[in-house]
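In: here is a sequence with its predicted model. Questions after.
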Amino acid sequence: MDKNISFTLRVWRQNGPTAKGHFDTFEMKDIPGDTSFLEMLDILNEQLIDDNKEPFVFDHDCREGICGMCSLYINGHPHGPATGATTCQLYMRRFNDGDTITVEPWRSAGFPVIKDCMVDRGAFDKIIQAGGYVSVRTGQPQDANAILIPKENADEAMDCATCIGCGACVAACKNGSAMLFVSSKVSQLALLPQGRPEAARRAKAMVMKMEELGFGNCTNTRACEAECPKNESIANIARLNREFIKAKLND
Amino acid sequence: MANQIDSRIPEGPLAEKWTNYKAHQKLVNPANKRKLDIIVVGTGLAGASAAASLGEMGFRVLNFCIQDSPRRAHSIAAQGGINAAKNYQNDGDAVYRLFYDTIKGGDYRAREANVYRLAEVSANIIDQCVAQGVPFAREYGGMLANRSFGGVQVCRTFYAKGQTGQQLLLGAYSALSRQVHEGTVQLFTRYEMQDVVVIDGRARGIIAKNLVTGKLERFSAHSVVIATGGYGNAYFLSTNAMGCNCTAAVACYRKGAYFANPAFVQIHPTCIPVHGDKQSKLTLMSESLRNDGRIWVPKKLEDAKKLQAGTLQGKDIPEEDRDYYLERRYPAFGNLVPRDVASRAAKERCDKGYGVNNTGLAVFLDFNEAIGRLGKDAVEQRYGNLFDMYEEITDVNPYENPMMIYPAIHYTMGGIWVDYELQTSVKGLFAIGECNFSDHGANRLGASALMQGLADGYFVLPYTMQNYLSDQITVPRFSTDLPEFEAAEKAVQEGIDKLYNVKGDESVDSIHKKLGHIMWEYVGMGRTKEGLETGLKKIKELRAEFYSHVRIPGDKEGLNIELDKAIRLRDFLTMGELVAYDALNRNESCGGHFREESQTEEGEAKRNDDDYMYVACWQYNGTDDEAPTLLKEDLNYQYIKVQTRNYKS
């Protein structure tokens, strides 16, 4: 049986993209260990509403680690201290009685704050729109089994495709680089025969868009890989670099 | 019984209806497509695939979602897989068999023609998704792999690890992104539809709330498509995402779109049990686990008591003292019976006192035998991510101790009524995906929701939409200054003001939880006339409480998450009542709807085809205070022999 814990919670409050932010501090009492982190924030918000105060704003939706909507920089880690898990999959049993827990938004030039810890990640959509797809029409493509794909390649493409687009990689990176996100999509499609015809164009277009939107460069600190809730590998970044250089050489 | 509603099913033999429709439907030429606008609300599998396909065809599409990106729609959470009648396994699968399984699984409450079309286009979906680069699981030879799923005897489910919904949605999202890049689709993220605007009997636009600025905005188009999912969150605790809501669907219902079969709600048998009153949602464990997991409770009541007290562990109960109740009751299908049957069987055991956790509301799902047969590595390969997720949530290692599961609200078969063309009873208003009622009857089979969403969006709506728009080519674009837009926006604003001005003392969530309790208690897995009448009374009382006690802090302008939740709750209250009205009317047990008055001596569901073989369509009467009017669409089975569902032999 999980035990209850009490702790100090510091959360980032900010009224808009240009407003000055600050921390609010709350004492949380007797929170059961089997409460998820976001449920703990729900409890905080119920208390705030009881006091007729505005609730703390954060993004969340599926609460099972797959939609990529939740974010939060908790005690210096995107998605908190657990590895391979999103904030919504983090449970309070990971924390100790008497802890101070600090909650901040993703901080990156590419992700402006909307309110409190809710940020605008529209830049990721723009990067995908630049070329993160196979150009195939809706209709009657050839039979699915006409394209044979070795199991190893399919499995590796699947691992790359597991990225949920949450932005933790950007938040973790001291350069604010989106390379892990971009390289995961580029890798998934580069590994599959369906994606090869557009591989060069895709790599160039997505990298250019990423730079245009103000994301930084990769300096191989591997912070992104360490914090990625889906364990995306920086081998993807190496693959992206190969695809990009190949494309440039052919120009 | 007179049929009151025409579903506009094309003439001809079943297998030729869709082909004939496509051959004879009216088209819109490319130059005219550019002059026609379509609003698509929602970016899940149905919405994203429809917006992408319609944009690619040349229409101007406006696509809305409430999340920060189209990729976050709740289709993403579907785990197990997608069905298609490919017969890649050479196990006798065929379009007809998928059609038959779906009708039978739906307990003979779905339309034959729609379901046949669904089965027919299922194979195209797999082709389409593979071409997009969806990384489905493969065999060593490079061919696509399949797994089996509940309610069927063939292997027709395609999957991408335990993340099939995610991969299919990312496929549709990539197609959508390509169209955004091409300029055919315009995206509106963090927007929520509040109302549909009807001009001269046709849907011509929407009023949407910009969730960041808090402002209402008007959008006009030649037709409107809603793809906004189901209403499972009326029960508060469900496997739906926190943002899933029925506000768009209820807005359409209030504007005259019939709501069909709302009582048909699916309760999924394999969810992680409820743990406390602070819980915000329930987590689904994929149905695919039932392929290798065996479901049981103790045979002896005293063992159950010890499990509930925490003095005994499941793994310590010897084999002979375990009751594998699904294998016992349904030898032919065993642990793979359809979801409704598995859910009720779990409730039956727990009601008798055999529950295995501290609340007495859980049963075991055990992999011990599978680990012995296949080895731990093979089990990990198949279900590793699900096992990890289970351990993270419960702090119990499922390789060593059996998992605990219990049924939870998962999917809603009921929805906005649509005809064969997926058009609602309001002209020019279409509903696709989970949001409509069309294909699953009274119970949906596993891995069929993804199939239906994509079938509607990629392969059905793009055709039927052209047929509708073909005589609209001379209709110019609409101004949003028209009085109909003015009136609709004013009404929405008044509704919002009314909620905001209550200034009471109860949070939205606390009232929503009360609604959830009423729904689960009186409109849940086992329904009775008395219980439903009590439920209806309690919902009415709760609505009064809501309008006198809800507290919405913060400003009315700007981003206000409590205000947005309050609007959704207002509509969940309407929806909850609708489910109860329909459940009360349908005095039979079929699929996910179980009336305790209507069961066999062995406790199996008893259908009443003489009196209830119809789609119940509910028409709004202008106010929530008045009961809706029931209209009936008869179901005529011409190609399938209607039988009692039997999963025993």
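Out: On my side now, so go ahead. Numbering: from 1, shown residues only, chains lettered A, B, ... in the order given.
In: measure how buried residue B:240 is and give me the count.
Out: Residue neighbour count, defined by other CB atoms under 10 Å in any protein chain shown, stands at 29 for residue B:240. In short, each C-beta sits where N, CA and C put it, glycine included.
In: residues from the stretch 401-550 of chain B in reach of chain A?
Out: Residues of the stretch 401-550 of chain B lying close to chain A (CB under 8 Å from any CB of the partner chain) are B:458, B:459, B:462, B:507, B:509, B:510.
In: which single helix of chain A contains the most residues?
Out: Longest helix in chain A by number of residues, with DSSP state H as the criterion: helix A:235-250.
In: sorry, back to before: of the residues of the stretch 401-550 of chain B next to chain A, just the buried ones, ChimeraX syntax please.
Out: In ChimeraX, this line selects whichever of these come out buried by 16 or more other CB atoms under 10 Å in any protein chain shown:
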select /B:458,459,462,507,509
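In: just put the residues of the stretch 401-550 of chain B next to chain A in a markdown table and tack on pLDDT and secondary structure.
Out: Compiled in a markdown table, those are given as follows (pLDDT from 0 to 100; DSSP: H, G, I helix; E, B strand; the rest coil):
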| residue | pLDDT | secondary structure |
| --- | --- | --- |
| B:458 | 98 | helix |
| B:459 | 97 | helix |
| B:462 | 97 | helix |
| B:507 | 97 | coil |
| B:509 | 97 | helix |
| B:510 | 97 | helix |
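In: for the stretch 151-300 of chain B, what lies in contact range of chain A?
Out: So the stretch 151-300 of chain B meets chain A at B:160-161, B:163, B:165-167, B:170, B:173-175, B:177-178, B:180-181, B:187, B:189, B:212, B:241-243, B:275-276, B:278-281, B:283-284 (CB under 8 Å from any CB).
In: for chain B, what's the longest helix?
Out: helix B:561-585.
In: give the next helix or strand downstream of it.
Out: Once the chain leaves helix B:561-585, the next helix or strand it forms, by DSSP states H and E, is helix B:609-612.
In: buried ones in that following helix?
Out: Buried residues in helix B:609-612, counting neighbours by 16+ other CB under 10 Å, are found at residue B:612.
In: avg pLDDT for it?
Out: The pLDDT scores in helix B:609-612 average 96.
In: stretch B:24-34 now?
Out: 95.
In: touching chain A at all, that stretch?
Out: No. Interface with chain A: stretch B:24-34 contributes nothing (CB under 8 Å from any CB), its closest point being 14.1 Å away.
In: any idea how far that stretch is from the middle of the chain?
Out: Between the mean C-alpha location of stretch B:24-34 and the chain-wide mean there is a distance of 32 Å, by CA atoms, centre = their mean, to the nearest Å.
In: how close does residue B:562 get to residue A:63?
Out: Distance check for residue B:562 against residue A:63: by CB to CB, to the nearest Å, it reads 18 Å.
In: among these two, which residue is more densely surrounded?
Out: residue A:63 (26 against 22).
In: the more buried one reaches residue B:284, doesn't it?
Out: No. Counting by CB atoms under 8 Å, residue A:63 does not reach residue B:284; the two are 11.1 Å apart.
In: what's the end-to-end length of stretch A:24-38?
Out: Using CA to CA, to the nearest Å, one end of stretch A:24-38 lies 17 Å from the other.
In: who touches the longest helix of chain A?
Out: With CB atoms under 8 Å, 6 or more residues apart in numbering or on different chains as the contact definition, helix A:235-250 has outside contacts at A:160, A:179-180, A:182-184, A:186-187, A:190, A:199-204, A:207, A:218, A:220.
In: are any of those buried, and which?
Out: Buried members of these, counted by 16+ other CB under 10 Å: A:160, A:179-180, A:182-184, A:186-187, A:190, A:199-200, A:202-204, A:207, A:218.
In: what separation do you get for residue B:555 and residue B:500?
Out: 9 Å.
In: tell me which of the two has more neighbours.
Out: residue B:500 (18 against 12).
In: quick check: closest non-adjacent residue to the residue positioned nearest the centre of chain A.
Out: Nearest residue to the geometric centre of chain A (CA atoms, centre = their mean): residue A:166, 2.2 Å. Excluding the flanking residues, the one nearest residue A:166 by CB to CB, 6 or more residues apart in numbering or on different chains is residue A:68, at 4.1 Å.
In: my guess is the one you found contacts residue B:68, does it?
Out: No. Counting by CB under 8 Å, residue A:68 stays clear of residue B:68, with 9.3 Å between them.
In: quick one: low-confidence parts of the stretch 51-200 of chain A?
Out: When residues are selected by pLDDT under 70, none of them lie in the stretch 51-200 of chain A.
In: for it, what spans make up the strands?
Out: Counting by DSSP state E, counting those that start in this stretch, the stretch 51-200 of chain A has these strands, from start to end: A:73-74, A:77-78, A:100-104, A:113-115, A:118-119.
In: got the domain boundaries for chain A?
Out: A:4-114, A:121-250 (automatic domain parsing).
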